[in-house]
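K.L.:
give me coordinates for this.
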Amino acid sequence: MEATKKRVAIVGAGASGLTACKHALAKGFRPVVFEAAGGGVGGVWRRTLASTRLQTPAFAYRFSDFPWPPDVSGAEVFPRHDQVVEYLAAYARRHGVTECVRFGCKVLAAEYAGVHDEEAAAWERWSGNGEAFGDGSGEWLLTVQHPGSEATQIHRFDFLILCTGRFSGVAHTPTFPPNRGPEVFHGQVLHSMDYSNMGHAAADELIRGKRVAVVGSGKSAFDTVAECAAANAGGRYPCAMICRSGRWMVNGGFVWGVSLGHLFCNRLAELTVHKPGEGLALALLAILLTPLMIYK
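P.N.:
Residues are numbered from 1 along each chain as shown. Next comes the predicted model:
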């Protein structure tokens, strides 16, 4: 079968989905990108808090064949989320990816048909022979819900690439004992993912003039606390952050020209914490290095 006849389905129009589509086009395949959200490419970058910026410097977060525009590369070390979205959209336009994206199309199920289940379960390699497209006997059946309709359609493809990432719309909510969970809380309970998806204006309006408790100490928790502080300046409506255990925050300053933030992103950071069974030398070293970190 010729490469131009290979039908490739890509789920997700974030950074990974865009690059997968670009390379599929370059190889002569016929890719279709299904994006559940409408409005444009960018994935989670289109559904973020107002204060979100890149955590990685712009020069380290870019496509090898597509530089940042001059207004970003020359002035912004950590671009804003809207600048990242525009960068991804420009990349998609440049390589003809935008025309391949079907916005508002949600993939509900994927099934590999044409091969017996027992045979496919015994495969240790792609298609049983190590070839991406096998012998042509099997194909992927994708159940897709299109925008503005509850009905679904079946689409057939020769190859499937999942680019949904870690944050594909499934919120991680802990389980609670009976009568000890959100159902007994008299206020509104919202997951950080749902909060980010609300949009900047709606999210700001939701928390303004309210006392907010943020449970957790991950990045989304710190971002949410910062949003609450900005919306409710002053002490009348405080925001409480509830953490299971204490957290060490890295001081991002420079000492003798060396970035402490970079220091603690490698294995040297292990020298700053006490370990079970450590000897006297390691214990003293951990004590001496403790001032390099700031506990907040």
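K.L.:
what ranges do the helices span in the stretch 101-250 of the chain?
P.N.:
Here the stretch 101-250 of the chain has its helices, by DSSP state H, counting those that start in this stretch, at 117-121, 192-197, 200-207, 219-231.
K.L.:
distance from the chain centre to the second one, please.
P.N.:
In terms of Cα atoms, centre = their mean, to the nearest Å, the centre of helix 192-197 is set 13 Å apart from its chain centre.
K.L.:
also the first one?
P.N.:
Going by Cα atoms, centre = their mean, the spacing between the C-alpha centre of helix 117-121 and its chain's C-alpha centre is 32 Å.
K.L.:
pLDDT (mean, whole number) over that helix?
P.N.:
In this model, helix 117-121 has a mean pLDDT of 83.
K.L.:
show me what that helix is in contact with.
P.N.:
Tyr112, Gly128, Gly138 (Cβ atoms under 8 Å, 6 or more residues apart in numbering). Every residue, glycine included, has its C-beta placed from N, CA and C.
K.L.:
got the buried residues for stretch 57-69?
P.N.:
Neighbour-count burial for stretch 57-69, with 16 or more other Cβ atoms under 10 Å as criterion, is recorded at Ala58, Arg62, Phe63, Trp68.
K.L.:
just name the closest of those to Pro291, please.
P.N.:
Nearest to Pro291, judged by Cβ to Cβ, of these is Ala58 at 31.6 Å.
K.L.:
OK, contacts around Trp126?
P.N.:
Per Cβ under 8 Å, 6+ apart, neighbours of Trp126: Ala132, Gly134.
K.L.:
tell me the pLDDT of it.
P.N.:
On the pLDDT scale, Trp126 is placed at 81.
K.L.:
also Asp204?
P.N.:
For Asp204, the model assigns a pLDDT of 87.
K.L.:
got the contact list for it?
P.N.:
Ala50, Glu227, Ala231.
K.L.:
separation between it and Glu86?
P.N.:
Remark: distance between Asp204 and Glu86 (Cβ to Cβ, to the nearest Å) = 22 Å.
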